[in-house]
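Undergrad: need a structure here:
(chains A and B)
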Amino acid sequence: MERARHNLFPILVVVAVIVAIWYAAVVYLNAPWQLDIYQRANNTDWTVRQLVVDTMAQDRPVLPAPHQVAVEIWQTTVEKNVTSKRSLVYHTWVTLSATLLGFAIGTVLGVVLAVSIVHSRAMDKSVMPWVIASQTIPILAIAPMIIVVLNAAGLSGLLPKALISTYLSFFPVVVGMVKGLRSSERIQLDLMRTYSASTAQVFWKLRWPSAVPYLFASMKIAVAISLVGAIVGELPTGAVAGLGARLLAGSYYGQTIQIWSALFAAALLAACLVSVVGLANRLVLKRMGTRP
Amino acid sequence: MSADAVIEARGLGLTFETNDGPVHALSEVNLTVGKGDFVSFIGPSGCGKTTLLRVIADLERPTAGSITVNGVTPEEARLARAYGYVFQSAALYPWRTIARNVALPLEIMGFSKAEQAERVARTMELVNLTGVEKRFPWQLSGGMQQRASIARALAFDADLLLMDEPFGALDEIVRDHLNGQLLELWARTNKTIAFVTHSIPEAVYLSTRIVVMSPRPGRVTDVIESSLPRERPLDIRETPEFLDIAHRVREGLRAGHSYED
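TA: Predicted structure coming up:
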């Protein structure tokens, strides 16, 4: 409790400073357009006070004010039925489902690849370079192709989007797990050798438990970029549904408030996903007796 | 070749090929360890004493000479789980409780759950660790961790115990205490023990036979039979007999040590 109070004050100060800077930027960025309006309306007796208020109440501002975004989020979540196409909850769920499916496939794929790389020199030499090469291709370039190719193969909807998430999220898992599965100390491996333990026994009783902390560290990165993958995957589908679709539609029609509220929903979702993985991490490591 | 030899080495040599040229870790080692012996290997660092123990355990392969453990090759002995090995550090798995660490070799060797529990309880009592079964390694002192690792090596009842400076990282008070316990354990279980150390009092106090080694290349320079009785209270270390053996070990170390370089 005492610690929480100690931490709270500095955090609130930082948040307050960010919000203050944001409001200042709103006035600065929206003022030219507002002045333009005054001029066209031959309104010459505007006051600075009025200008400031007006810059924060535009329909399509260059930069929406925090309270405009807050109101938009409130209206599209609490005040809308969750099944409605205008509900941010609905779009968030669409993105979340693709994220989670992609993340699950990516994690399993990453672990399987890492296990085979650690146990086979041929896999290590042949697969690892491809794994790394795969990540040098911009996801924005490859995402439409995945959607198109899978569509031609008769797959549409959730899975193609999830596979774009997979494409991004398996990478940190492979890299982290290869490192984790090789992190056992020499002395611990020697011990297994003195028992003439089988490869499977060494894996389950030594390599896998040693790799668990690495797995969670990788999964934290993987879940966040899975979300990025899902959003990117929603862009070429013609803005049907999902946070990516909201972003795209918002930019088509200059709905900056909609863009920003989708951005905040995405950021909040990412934060939740990462903290869920972090929580699972803490619970598992506690069960494994790790020093608190 | 004596019939009851547990370890028998003839002309044993091991050369590591490194980028800086060959390193002769062991050269022309001849050694016989009989059943029930407590043999210490002593020498300065780099004399190959740990390497010799690792060769016996089939953790290293010799490049010259021959060695048998229980009359077969070290690899066959390892596959037959003929020995328990205690490392310099406890090497407990941090995600396992002490009891489950001790049970690790039993799980691997396929003992039944009931027998695992019985053996864990018995060996933990043997090393005076009863009561900490549910703790995790980091919750134990260094001395207790090392005792747990000894319990782990004893759990599957191999007749041969290989110990590589098991008390090297512990302070002198704890080490004295554990030395006493180890002797007691040896007397109770009648195991053959090969023990690597760089402490002269430890070697003399524990051993029936002391193998003095010298570095570059690692070789045996002297083998000293101890005349001390098997029953050894801690204050035996102040008797003239004890000091006499310690003196001979020191002489052996000095003679084998090349001061020219």
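Undergrad: the residue lying closest to residue B:178 once chain neighbours are set aside - how many residues pack around it?
TA: For residue B:178, the nearest residue in space outside its immediate sequence neighbours is residue B:167; the separation is 5.5 Å by C-beta to C-beta, 6 or more residues apart in numbering or on different chains. All C-beta spots, glycine's among them, are computed from the backbone N, C-alpha and C. The local packing of residue B:167 (other C-beta atoms under 10 Å in any protein chain shown) involves 25 other residues.
Undergrad: distance of residue B:167 relative to residue B:150?
TA: Remark: distance between residue B:167 and residue B:150 (C-beta to C-beta, to the nearest Å) = 10 Å.
Undergrad: so the residue nearest to residue B:178 makes contact with residue B:177?
TA: No. With contacts defined as C-beta atoms under 8 Å, residue B:167 does not count as touching residue B:177, sitting 9.6 Å away.
Undergrad: all helices for chain B, in order.
TA: If you assign secondary structure with DSSP state H, the helices in chain B sit at B:49-56, B:74-79, B:98-109, B:113-126, B:142-154, B:172-189, B:200-206, B:240-256.
Undergrad: can the ones you listed go into TSV with extra columns for mean pLDDT, mean neighbour count and distance to residue A:57?
TA: Formatted as TSV, the entries for the helices of chain B read as follows, by pLDDT from 0 to 100; neighbours: other C-beta atoms under 10 Å in any protein chain shown; distance: least, C-beta to C-beta, whole Å:
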stretch	mean pLDDT	mean neighbour count	distance to residue A:57
helix B:49-56	90	25	79
helix B:74-79	90	18	80
helix B:98-109	93	22	66
helix B:113-126	91	16	72
helix B:142-154	90	24	68
helix B:172-189	85	16	75
helix B:200-206	89	23	84
helix B:240-256	85	16	90
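Undergrad: mind checking which of these is nearest residue A:227?
TA: Taking C-beta to C-beta, helix B:98-109 is the member of those nearest to residue A:227, at 38.3 Å.
Undergrad: how about residues contacting that closest one?
TA: Outside helix B:98-109, the residues that touch it by C-beta atoms under 8 Å, 6 or more residues apart in numbering or on different chains are A:192, A:195, A:197, A:201, A:205, B:81, B:84, B:92-93, B:96, B:115-116, B:119-120, B:123-124, B:129, B:132-137, B:140, B:148-149, B:151-153, B:155-156.
Undergrad: quickly list what the spatially most central residue of chain B is bridged to.
TA: Relative to the mean C-alpha position of chain B, the nearest C-alpha, by C-alpha atoms, centre = their mean, is the one of residue B:163, at 2.1 Å. On DSSP bridges, the residues paired with residue B:163 through beta bridges are residue B:86, residue B:195.
Undergrad: circling back to that earlier point, would you mind measuring from the residue nearest to residue B:178 to chain A?
TA: For residue B:167, the distance to chain A equals 16 Å [C-beta to the nearest C-beta, to the nearest Å].
Undergrad: can you list the domain ranges for chain A.
TA: Under automatic domain parsing, the residue ranges defining each domain of chain A are A:2-63, A:88-287.
Undergrad: need the least confident one among those domains, by mean pLDDT.
TA: Lowest mean pLDDT within the domains of chain A: domain A:2-63, a mean of 87.
Undergrad: would you mind listing what in the stretch 101-250 of chain B touches chain A?
TA: B:104-105, B:107-109, B:136-138 (C-beta under 8 Å from any C-beta of the partner chain).
Undergrad: run the last query once more with 10 Å
TA: Of all the residues in the stretch 101-250 of chain B, those in contact range of chain A (C-beta under 10 Å from any C-beta of the partner chain) are B:104-110, B:134-139, B:149, B:152-153, B:156, B:158, B:162, B:164.
Undergrad: surely the residue nearest to residue B:178 touches residue B:201?
TA: No. In this structure, residue B:167 is not within contact of residue B:201 by C-beta atoms under 10 Å, at 11.6 Å.
Undergrad: between these two, which contacts overlap?
TA: B:175-176, B:179 (C-beta atoms under 10 Å, 6 or more residues apart in numbering or on different chains).
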